Structure formats: structure tokens, C-alpha cells
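Chemist: Predicted coordinates and the sequence they were generated for:
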Amino acid sequence: MSDWIERDEPAGDALLLGADEASEVARWLGELAGRYPDSVSEGPVAPEVDRSWLQGLLREPIPEAGRPVRDLLEEFEGRVVPNACHVTHPRFLAYVLASPHGLSPFAEAAAALLNNSNSISALSPGGTAMELRVLEWLRGLYGFPAGGSGLLTSGGSLANFNALAAARDRALGEDARTAGLQGGQPPLVAYTSDQVHASVDEDFSLLGLGTDALRRLPSDARGRLRLDALERAIAEDRLAGRRPFCVIASAGTVTVGAIDPLAELADLCRREGLWLHVDGAYGALFVLTERHRDALRAAGLADSLTLDPHKLLFNSLEAGCVLFRREEDARRSFDFRASYIEEQSDPDLVDFTDLGPELSRSNRALKVWWGLRGFGVGAHRQTLERLLALAARMGERIEAEPDLELLAPVTLTAVCFRHRSVEPQALLDAVLRSGTAYLGPARVGEHQGLRACFTNLRTRPSDVDVVLDGLLEQAEQLCASG
Ligand SMILES: Cc1ncc(COP(=O)(O)O)c(C=O)c1O
């Protein structure tokens, strides 16, 4: 036997930190977390990347020997941070990407310390219990009845995938697992609006249904799915021998934040025997606010609902969520047992591997659980109300500005607009280059424009003015330079 195996030492000593070193890293992280948000808030949102550092990083050979931990920490602060896009910057307003609540980065580290897999309850009893509790709290916001389930996912895209897989399999019936789509049944079709998120198209492709099976119906002037168009399309498909199986509604469309008429859609789906999935990745959590509570609580009438705790519960990536009205719908698609996996034995818990496609799953629940318990739902509600007010303020200022045009009513926190005489991409680039703000592109009807989405808990009312003043100044310079 080799001499190294005879020595009674842990196998991985060479990969561990000593207690002092571990404390030093933890202290460094704590201090950085305290410094970072303020230190970047006055600089550019997305600093110019140091190309030579990036090229060096892209070409670095795998190192045979290690280096002092301190070097890595110094490199992180000295190189990685200055080359990052600062999502926590108060004027980062692109996409639907939140700055995390104060406990979230530490919850990530604490969960990683235990490295429990929230897949088989015996491997993560506490983690499973906190995920179950978080899911129950979320279900309660929409009034889902008992007997349902759900799980935390990597994000809204995967939550939509899980829901649509379950919808497909319910429609295919008993043969879903064995015959799949090859069982010779009439083709399945589903309905949504032309505002749906691209992940749904991707899901139709991945699920073997094909994107042609997704009918994208024209939305109304506020970007909402039209019931008359939906009823007509269902009737036409039935007449042609196809099998309508699902309606995908949006609770906050990705571009303008429109909320489809959820209660009416739930009624129609019940009448027609269709699965209703609500994609609320962007907007469903505005159910916490006074203004949107009633419209969004109707998402609890759906068969499945996507929402994203890494957006409007302000958790760091990744924490999406899918809720199912009936647990058996998730099990039909995802409960595959293997001889090398122990049977679930704890009557108080579930094995999340039976409710979704992943086996190894990190504990995504801790940061959501800490966020809600540490700050309370009241603080979340107050933050969401403030974000709605910021978006409304920006909308009002745009309407008062003769050179700007609002492209859609402001429903949630997405503000889509254009400059009447400057090409939107040129303006987006100029605003970003000037360091003022990071905005996103938006297409609304015939118009290409810009989009500011308020999901950032560090944004102040004065930032709205800084963004618009800076944008108008950049537009003037672009006009002057022809
Ligand atoms: C309506 C909608 N659905 C799905 C998604 C995808 O969510 P994720 O980025 O968490 O995968 C988004 C993202 O912004 C969204 O706005």
C-alpha cells in the first residue's frame, strides 16, 4: 500500500482551510458586503471591462500548485469587482434583476457550508422543512387550497418548464410516461398572448410539442390576453381535430408588466377543461401590495403558478418557484424512483426530487426563509409599494417631457418609452457609456424603445430624475452630432 494511504489523515487535508484562515475569509466577506454597495453607487453602473485582465483570465492554464488565499481575496476586490456589472447600483434598471436583501449573500454561504441536498428529505431535514414552509407561505398569498405542492427552482424559466411538463403529461394521460408524444393522440395545442416570455416558446420546443403548438394570440391595447380571441381559437382548433390542453397567462408580462384577466381565464379554463398556467415570474409577488392584491390573488385559481423570489422577494440568484394546485400533477411527471435512492420515510416531509427534474438541489430556501423571517413580510410590502411609486413617478415625468413618449401604461414597475428623434439603441448605449444608468431595450407594438424596470431596492426618487436628466442630455448630444 502506498505510504500516503497508510498515514491516518483526512483525505482532503490539502483542500481545507485552517480555522484561522476560514475566519479571516468570513471576516473579509462581511467587510466587503458592508463596503460594496455604497462604494459602487456613485460610479458607473457597468464599468468598462479591463480587456487585458479578461484576456489573461480566459487563457489561464490550470494551475498545478495553489496560491495563498489572501491573493484570491485581493484579486476579487481589486479585479473582479471593478470588472463587474453592478446590479446593486441604484440606477441598474435593466431586465428584471433585483439587488439582494441584506441577509441573502450570507444565507447562500451558510447553505453552502452545510451543503445539504434538498432532494431527499433524509439528506436535508431542516432544509426540506424550511422549503416546505416557504412554499406554504407563498401558496397562502394566493389562497391555494390544501393538497397542492411546489418547489423552488433555479428561476422562472425552469418553473415554467416544470409546470408545462406537468400540463402536457396530464393531457397525455396514463401513457404520458411510457409512450410520450408517440402514442398516436391528436396534436396538443395551447394558447397565450403575443407578450409571453420567450422561455415558454423554449419549453414547447424542449417538451417535444413544438412552438407551432403554441398559439400566440394578439393582446389588447394594455398588453393583456383577449378572451374573445382565445375562445375563437379554441373553437377553431377543436373543429380541426386538435386537442387544446393549456392556457398560459401572464401576471406581469415581461416587457410592459400587463396582468392578464386571471379570474376570467380561470373560469374559461374550467369550462373548457384546460390547464391554466400563470407565469408570474415578474409580477406575481406584487400580490403583497394593496393596489394589485385582488387582481393577482386570482392566480390562486390556476393549476400552476410561476413566481420568482430572486426578483421581487430580493433574493440573490437563484430562487424561482413553481406552485401546483394538486401534488399528483407534479408527481405524474417527476416521481421516478431508482434502486439507489432511499424511500422517503419522514411523514412530515417530502422528497423534492419527486416533484421536479433535479436530483442534486441546493438549499435555495434558506435565503428566502431568512429574508421573510428576518425582515418580515411588512418590509417586503413597503419596498414593493415604493418601487411601484418610483415607476409611476418616471411615467409621469416622461408624459410631461415633449421629447419622450410613453409606449405603454405603467401597470407594475416596467416603464417603456422612446425618444421621438433618437434611435433607441444609440440612446441606450450612450446612457450606459456615460455611467448614468443601465436600461434595457423594449419592443412595444410597432415601436422599438427603452425600458426601465424598478426591481432594485436601492433606487431612490432622486435616481429617477438623474436617469431622465442624463438621458435627455445624451439625446441632445446625439442629435447635435447628427
Ligand atoms: C414573465 C417572465 N417569465 C419568465 C421569466 C424568466 O425568469 P428567470 O430569469 O428567473 O428564469 C422572466 C424574467 O424576467 C419573466 O419576466
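Modeler: That came in fine, so what should we check first? Computed from a predicted structure; not experimentally measured.
Chemist: who touches Leu151 in this structure?
Modeler: For Leu151, the contacting residues are Glu131, Leu135, Asn162, Cys321, Val322, Ala330, Phe352, Leu355, Gly356, by Cβ atoms under 8 Å, 6 or more residues apart in numbering. C-betas here are computed from N, CA, C, even on glycine.
Chemist: For the residue lying closest to the last one once chain neighbours are set aside, which three-state class applies?
Modeler: Translated: Gly356. Excluding the flanking residues, the one nearest Gly356 by Cβ to Cβ, 6 or more residues apart in numbering is Leu151, at 4.9 Å. Under DSSP: H, G, I helix; E, B strand; the rest coil, the three-state class of Leu151 is strand.
Chemist: I'd say Ala330 and Thr153 touch.
Modeler: No. Assessed by Cβ atoms under 8 Å, Ala330 is found out of contact with Thr153, at 11.7 Å.
Chemist: and for the two, which residues touch both?
Modeler: Common neighbours of Ala330 and Thr153 (Cβ under 8 Å, 6+ apart) are Asn162, Gly356.
Chemist: Distance from the chain centre to stretch 272-284, please.
Modeler: Counting by Cα atoms, centre = their mean, to the nearest Å, stretch 272-284 is centred 15 Å from the centre of its parent chain.
Chemist: mind listing what's buried in that stretch?
Modeler: Glu272, Leu274, Trp275, Leu276, His277, Val278, Asp279, Gly280, Ala281, Tyr282, Gly283, Ala284 (16 or more other Cβ atoms under 10 Å).
Chemist: any low-confidence regions in the stretch 301-450 of the chain?
Modeler: The stretch 301-450 of the chain contains no residues with pLDDT under 70.
Chemist: Write out the residues of it neighbouring the ligand.
Modeler: Asp308, Gly320 (Cβ under 6 Å from any ligand atom).
Chemist: Run through the bridge partners of the residue nearest to Gly356.
Modeler: Counting by DSSP bridges, Leu151 forms beta bridges with Val322.
Chemist: quick check, nearest of the buried residues of stretch 272-284 to Gly173?
Modeler: Trp275 (12.9 Å; Cβ to Cβ).
Chemist: what's the closest one in contact with, if anything?
Modeler: With Cβ under 8 Å, 6+ apart, Trp275 has these contacts: Ala167, Arg170, Ala171, Phe245, Cys246, Val247, Cys269, Asp303, Ser304.
Chemist: do the same with Gly30
Modeler: Phe106 are the contacts of Gly30 under Cβ under 8 Å, 6+ apart.
Chemist: Kindly report the same for Tyr36.
Modeler: Counted by Cβ under 8 Å, 6+ apart, Tyr36 has contacts Val81, Thr88.
Chemist: how about the contacts of Trp275 in TSV, adding neighbour count and distance to Gly126?
Modeler: What follows is these, written out as TSV (neighbours: other Cβ atoms under 10 Å; distance: Cβ to Cβ, whole Å):
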residue	neighbour count	distance to Gly126
Ala167	27	32
Arg170	18	33
Ala171	19	37
Phe245	22	39
Cys246	26	36
Val247	28	38
Cys269	23	38
Asp303	23	30
Ser304	28	27
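Chemist: Would you report the backbone torsion angles of Leu288?
Modeler: phi -70, psi -20 (degrees, to the nearest 10).
Chemist: from what I can see it touches Thr383, true?
Modeler: No. Applying Cβ under 8 Å as the test, Leu288 and Thr383 come out as separate, 9.2 Å apart.
Chemist: before we move on, back to that, just flag the most distant two among the buried residues of stretch 272-284.
Modeler: Maximum distance among the buried residues of stretch 272-284 (Cβ to Cβ): 26.4 Å, for Glu272 and Tyr282.
Chemist: Show me what the strand or helix carrying Leu230 is packed against.
Modeler: Assigned by DSSP states H and E, Leu230 belongs to helix 227-239. For helix 227-239, the packing partners by 3 or more Cβ pairs under 8 Å, 6 or more residues apart in numbering; DSSP states H and E come out as strand 188-193, strand 214-217, strand 243-250, helix 262-272.
Chemist: and with 6 Å instead?
Modeler: Judged by 3 or more Cβ pairs under 6 Å, 6 or more residues apart in numbering; DSSP states H and E, the packing partners of helix 227-239 are strand 188-193, strand 214-217.
Chemist: Show me what the shortest one is packed up against.
Modeler: Counting by 3+ Cβ pairs under 6 Å, 6+ apart, the packing neighbours recorded for strand 214-217 are strand 188-193, helix 227-239.
Chemist: what's around the closest residue to Pro82 other than its chain neighbours, how many residues?
Modeler: The shortest distance from Pro82 to any non-neighbouring residue, by Cβ to Cβ, 6+ apart, is to Pro47 (6.0 Å). Using other Cβ atoms under 10 Å, Pro47 has 15 other residues around it.
Chemist: same check, this time on Asp38
Modeler: Residues near Asp38, counting by other Cβ under 10 Å: 10.
Chemist: Could you export the strand or helix carrying it as CSV, CA atoms only?
Modeler: Assigned by DSSP H and E, Asp38 belongs to helix 19-41. The C-alpha trace of helix 19-41 is given here as CSV (Å, rounded to 0.1, in the frame of the first residue of the first chain):
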residue,chain,number,x,y,z
ALA,A,19,-9.8,27.6,11.4
ASP,A,20,-8.0,30.9,11.5
GLU,A,21,-7.9,31.2,7.7
ALA,A,22,-11.6,30.3,7.4
SER,A,23,-12.4,33.1,10.0
GLU,A,24,-10.3,35.5,8.0
VAL,A,25,-12.2,34.7,4.8
ALA,A,26,-15.5,35.1,6.6
ARG,A,27,-14.4,38.5,8.1
TRP,A,28,-13.3,39.6,4.6
LEU,A,29,-16.7,38.7,3.1
GLY,A,30,-18.5,40.5,5.9
GLU,A,31,-16.5,43.6,5.4
LEU,A,32,-16.8,43.5,1.7
ALA,A,33,-20.6,43.1,2.0
GLY,A,34,-20.7,46.3,4.1
ARG,A,35,-18.5,48.3,1.7
TYR,A,36,-19.5,47.1,-1.7
PRO,A,37,-23.0,48.6,-2.3
ASP,A,38,-22.0,52.1,-1.2
SER,A,39,-18.7,52.0,-2.9
VAL,A,40,-20.2,51.4,-6.3
SER,A,41,-23.3,53.6,-6.1
